[in-house]
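In: what follows is a predicted protein model with its sequence.
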Amino acid sequence: MNSTEQTIINGRAAAAVLAAGVGSLAMGLFTTLKAVSKTIKGFYVFYFPTGELSGISTLAVLTWLIAWVVLHSSWKDRQVNFRKVFVITLVFIGLGLLGTFPPFFEMFKVFRG
Amino acid sequence: MLGFSYHKICTLIHGMAFGGILLLVFPAILIGLWSLRQGWITSTGSKAYVRLLAVGAWIVAVLAWLTDIIGSYVPYPWYRVRPEWLGVKEPVDLTQFPRSFLLADPNLALWEDFGMEWKEHLSWIVPILATAVACIVTTYGARLAEEQNKDIRNSLMALLTIAFLAACVSGLLGALITMLAPVR
């Protein structure tokens, strides 16, 4: 290893990490929304044989990529508070995981009417 | 082919080939990241070590994408197809329609309502996290070993661990559901 440590810009890493959190959150959010409304559930069917999973996954991946591009262009040359960003990322991932958990999103079926 | 239908071969490629290799490579990359510390690796070996780590991280990311995309668009439609969609008339052999087979039996319905519902959504978080890790390892390389960058290194290990656990849950649920209601 190089013995002389140099300060490296952590903005690119922070952008990638936070965008991954946003992508996970989007996956959970879009999954939960399918339980809320039949209209939304129907909107998610981008490819009939795969059903609503096609729309949920496509939209989550698009959200992740857009978030990454935006965060990267904002932070690529900046030094950010990485710990803070990482804690927010973990919260987003936690909410994302919760949103994909059937006993959680099934609770929102009461809003379907 | 050797008693395997086209559908079964595709399901095996999704679950056993891509998914299985993915689960095997995950721990290797985790150990690789954990070992990436100043003083643990010689300066001569660091370039090759980090290059190998980056290649491994990308293998994990690519396998995660392939497993999810193939799983969602090849065997999953065969799993969820309903007899009425194909115009199949009574009496229906539900063993040809895995999802309907599970839902028809109150003792097995939970495998679809909980198992498949969780697996199909949870698994899409894996490639997102794995790609972030692979990009950061490629971008920062050997500098991740420096003490001042340990926060970044630790965050990568955390993301990879979450992705690994999510992949384990998805893989296990997929294997159990396939045992109960295989795609034929």
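Out: Great, that's in hand.
In: any idea where the helices of chain A begin and end?
Out: A:11-36, A:38-43, A:52-75, A:82-99, A:102-105 (DSSP state H).
In: whoops, chain B was the one
Out: Here chain B has its helices, by DSSP H, at B:6-12, B:20-34, B:43-73, B:75-80, B:98-104, B:109-110, B:117-122, B:125-140, B:150-180.
In: possible to save these as TSV with mean neighbour count, mean pLDDT and distance to A:I66?
Out: Just so you know, the C-beta spots here come from the backbone N, C-alpha and C atoms, and that holds for glycine as well. Shown next, in TSV, are these (neighbours: other C-beta atoms under 10 Å in any protein chain shown; pLDDT from 0 to 100; distance: least, C-beta to C-beta, whole Å):
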stretch	mean neighbour count	mean pLDDT	distance to A:I66
helix B:6-12	16	92	32
helix B:20-34	18	95	26
helix B:43-73	19	93	18
helix B:75-80	21	96	26
helix B:98-104	19	96	33
helix B:109-110	13	97	36
helix B:117-122	24	97	20
helix B:125-140	26	97	13
helix B:150-180	19	97	19
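In: got the ones you listed as TSV, with distance to chain A columns?
Out: Output for the helices of chain B, formatted as TSV (distance: least, C-beta to the nearest C-beta, whole Å):
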stretch	distance to chain A
helix B:6-12	13
helix B:20-34	13
helix B:43-73	5
helix B:75-80	3
helix B:98-104	10
helix B:109-110	10
helix B:117-122	4
helix B:125-140	4
helix B:150-180	5
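In: okay but B:A158 is in contact with A:L90, surely?
Out: Yes: between B:A158 and A:L90 there is a contact under C-beta atoms under 8 Å: 7.3 Å.
In: what's the burial count for the closest residue to A:K38 other than its chain neighbours?
Out: Take A:K38 and drop its neighbours on the chain: the residue closest to it by C-beta to C-beta, 6 or more residues apart in numbering or on different chains is A:R112, 6.1 Å away. By other C-beta atoms under 10 Å in any protein chain shown, 12 other residues sit near A:R112.
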